[in-house]
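K.L.:
Structure for the following, please:
(one chain, ligands or ions: 1)
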Amino acid sequence: MADAKSEALFERAAKVIPGGVNSPVRAFRAVGGKPVFVSRGEGAYLYSANNTKYTDFVGSWGPLILGHAHPAVVEAVTKAAAHGTTFGAPTELEVQFAEKITELYPSIEMLRAVSSGTEATMAALRVARGFTGRDVIVKFEGCYHGHADFLLVKAGSGAATLGVPDSAGVPTGAAGNTTTLPYNDIPALRDFFSARGHRLAAMIVEPVVGNMGCVPPEPGFLDEIVLLCKKHGAVSIFDEVMTGSRVARGGMQERAGIKPDMTCLGKIVGGGLPLAVYGGRRDIMEKVAPLGPVYQAGTLSGNPVAVSAALAVLDRLDEKLYAHLEAISARLQHGLEEAIAKSGEGACVQRVGSMLTLFFRKGPVKNWTDANGSDTARFGKWHAEMLARGQYWPPSQFEAAFVSGAHSMEDIDRAITAAGEALAACR
Ligand SMILES: *Cc1c(COP(=O)(O)O)cnc(C)c1O
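P.N.:
Modelled structure (predicted):
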């Protein structure tokens, strides 16, 4: 239950903001609750409007790998802001940022900074279409790539189906060139390429899915995407907005040892400010204006405040951080698995690095059909019991939880104890 002050704010908010929130999943509707309004964050903790303390496993949905209000990030932002927040003219900071990204992600030879992950995927696909001169794109069921019209398509389960929009307000035509395939299904992938590969502009994929809950790629799945795209003259795009610098410093492409043609980044790489990236092979990125014919622009793109925050974060992504993240994430996974076994609940935990989901169904969860078979009502009950125990878990079965460098082993152990109690309480 949210506190009284949060409830009062929610009532005010609902009058002037649709659903009282500026992004739908914040509304807690998927867990049948009401949102906690946040007054401040500090390291691994959030404080509500009423000053109730929570251990945060959402981390603003991914960006906060160093936790809230890391002193180096606060200093970088403050310093930059004092020199001017935006110029609409290039700065040295942007060059440093771009150089840093190409160093961390060797597949990215050139890049553009934009202000959100949505913008990054939208632009990457426009560039891929401009580069190939083709229209068809493929996405995978259950993968989220932002809210551009032609990406708001999930389509039915099973074989490849032609896109039908997921949202009102999306013209059928806008999604008509979008085909969806089931995640982790290599035969379906091969079938698509033999039938329509010659018309494909780009295939976009979350290399570890976070947006149906955490679903890792099966061995060979990502390699096959990149390989078949190459063979058919199409562009492979890894949407690493969530996984970038999360599952490894250089994202899932570093972890899997695969080089996609293009990559989208955001969240962590944006340092907790509105900053995202699309980039990739030089010959593809040279199609972007003013070098080439594909138009893309942005008033606040690469502004000094956002780029300074990003550099402060990127400079702190060292081996020690990832070792700590792995240790506490593994402990969290095993603790949750033990609690599940003790409770007799039919649930499973899936994890890649410091992103993890507790699914209320037996594992493994390999695709959207599996994920969608989860008991969301039980998840909702469990979520409320966790919240009552000071644990701020993502308010949806279909989202990944994150830990940060600011979480301690003690934070994790408290969360495990709470999770066990919550499982018992919601039976
Ligand atoms: C969050 C996310 C996006 C969208 O990014 P925004 O900054 O919210 O627009 C796109 N792709 C993936 C994989 C994401 O997790």
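
K.L.:
Check the spacing between the residue nearest to residue 280 when sequence neighbours are not counted and the ligand real quick.
P.N.:
Closest residue to residue 280 apart from its sequence neighbours, by C-beta to C-beta, 6 or more residues apart in numbering: residue 262 at 3.3 Å. For every residue, glycine as well, the C-beta is placed using N, CA and C. Going from residue 262 to the ligand by C-beta to the nearest ligand atom, to the nearest Å gives 13 Å.

K.L.:
Residue 262 against residue 236, yeah?
P.N.:
Yes - applying C-beta atoms under 8 Å, one finds residue 262 in contact with residue 236, separated by 7.2 Å.

K.L.:
Now do the shared contacts for those two.
P.N.:
residue 202 (C-beta atoms under 8 Å, 6 or more residues apart in numbering).

K.L.:
out of those two, which sits in the busier spot?
P.N.:
residue 262 (28 against 24; other C-beta atoms under 10 Å).

K.L.:
tell me the contacts of residue 72?
P.N.:
Each residue near residue 72 by C-beta under 8 Å, 6+ apart is listed here: 66, 312, 315, 316.

K.L.:
Recalculate using a threshold of 6 Å.
P.N.:
By C-beta atoms under 6 Å, 6 or more residues apart in numbering, the contact set of residue 72 is residue 312.

K.L.:
what about it, helix or strand, and which?
P.N.:
helix 71-82 (DSSP states H and E).

K.L.:
Using the three-state scheme, assign the residue most central in space within the chain.
P.N.:
The centroid of the chain falls nearest to residue 242 when counting by C-alpha atoms, centre = their mean (2.9 Å). Following DSSP: H, G, I helix; E, B strand; the rest coil, the label given to residue 242 is coil.

K.L.:
doesn't residue 209 make contact with it?
P.N.:
No - using C-beta atoms under 6 Å, residue 242 is not in contact with residue 209, being 8.8 Å away.

K.L.:
Which helix or strand lies directly C-terminal to the worst-scoring helix or strand of the chain on mean pLDDT?
P.N.:
Every helix and strand of the chain was ranked by mean pLDDT, DSSP states H and E. The lowest is strand 161-162, at a mean of 44. Remark: after strand 161-162, the chain's next helix or strand is helix 172-175, criterion DSSP H and E.

K.L.:
For the ligand, see how far away residue 406 is.
P.N.:
Distance from residue 406 to the ligand, by C-beta to the nearest ligand atom: 21 Å.

K.L.:
pretty sure that residue is touching residue 67, no?
P.N.:
Yes - using C-beta under 6 Å, residue 406 is in contact with residue 67, at 2.7 Å.

K.L.:
between the two, what contacts are shared?
P.N.:
Both residue 406 and residue 67 are in contact with 43, 44, where contact means C-beta under 6 Å, 6+ apart.

K.L.:
CA atoms of the helix or strand that comes right after the helix holding residue 72 as CSV?
P.N.:
Counting by DSSP H and E, the next helix or strand C-terminal to helix 71-82 is helix 92-104. Output in CSV follows, covering the C-alpha atoms of helix 92-104 (Å, rounded to 0.1, in the frame of the first residue of the first chain):
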residue,chain,number,x,y,z
GLU,A,92,34.2,18.8,-26.7
LEU,A,93,32.2,16.8,-24.3
GLU,A,94,30.2,15.2,-27.1
VAL,A,95,33.4,14.1,-28.8
GLN,A,96,34.7,12.6,-25.6
PHE,A,97,31.4,10.8,-25.2
ALA,A,98,31.3,9.4,-28.7
GLU,A,99,35.0,8.3,-28.4
LYS,A,100,34.2,6.6,-25.1
ILE,A,101,31.2,4.7,-26.7
THR,A,102,33.3,3.5,-29.7
GLU,A,103,35.9,2.3,-27.2
LEU,A,104,33.4,0.3,-25.1
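
K.L.:
buried set for helix 92-104?
P.N.:
Across helix 92-104, burial judged by 16 or more other C-beta atoms under 10 Å covers 93, 94, 97, 98, 100, 101, 104.

K.L.:
Can you verify my assumption that the fifth one contacts residue 314?
P.N.:
So that's residue 100. Yes - contact criterion C-beta under 6 Å: residue 100 and residue 314 qualify, at 5.3 Å.

K.L.:
per-residue confidence at residue 414?
P.N.:
Note on residue 414: pLDDT of 98.

K.L.:
what's the neighbour count on it?
P.N.:
For residue 414, using other C-beta under 10 Å, the count is 15.

K.L.:
host element of it?
P.N.:
helix 409-425.

K.L.:
Centre of the chain to that helix, how far?
P.N.:
Between the centre of helix 409-425 and the centre of its chain there are 25 Å (C-alpha atoms, centre = their mean, to the nearest Å).

K.L.:
Could you name the helices and strands sitting against that helix?
P.N.:
helix 319-343, helix 376-388 (3 or more C-beta pairs under 6 Å, 6 or more residues apart in numbering; DSSP states H and E).

K.L.:
Just the buried positions in that helix, please.
P.N.:
Those buried within helix 409-425 under the rule 16+ other C-beta under 10 Å are 411, 412, 415, 416, 418, 419, 420, 421, 422, 423.

K.L.:
what's near enough to touch the residue of the chain found nearest the ligand?
P.N.:
For the chain, the residue closest to the ligand is residue 117, as judged by C-beta to the nearest ligand atom, at 2.1 Å. By C-beta under 6 Å, 6+ apart, the contact set of residue 117 is 146, 241, 266, 276.

K.L.:
So which residues on the stretch 251-400 of the chain come close to the ligand?
P.N.:
Contact residues, the stretch 251-400 of the chain versus the ligand (C-beta under 6 Å from any ligand atom): 266, 276.

K.L.:
Sticking with residue 54, tell me its helix or strand.
P.N.:
With DSSP H and E as the criterion, residue 54 is inside strand 53-56.

K.L.:
on contacts alone, who are the packing partners of that strand?
P.N.:
Packing partners of strand 53-56 (3+ C-beta pairs under 6 Å, 6+ apart): strand 45-48, strand 391-392.

K.L.:
Try it again at 7 Å.
P.N.:
Judged by 3 or more C-beta pairs under 7 Å, 6 or more residues apart in numbering; DSSP states H and E, strand 53-56 is in contact with strand 45-48, strand 391-392, helix 409-425.

K.L.:
Report the distance from stretch 246-260 to the chain centre.
P.N.:
Counting by C-alpha atoms, centre = their mean, stretch 246-260 comes out at 14 Å from the chain centroid.

K.L.:
Please read the previous query as pertaining to stretch 263-281.
P.N.:
On C-alpha atoms, centre = their mean, the centre of stretch 263-281 falls 11 Å from that of its chain.
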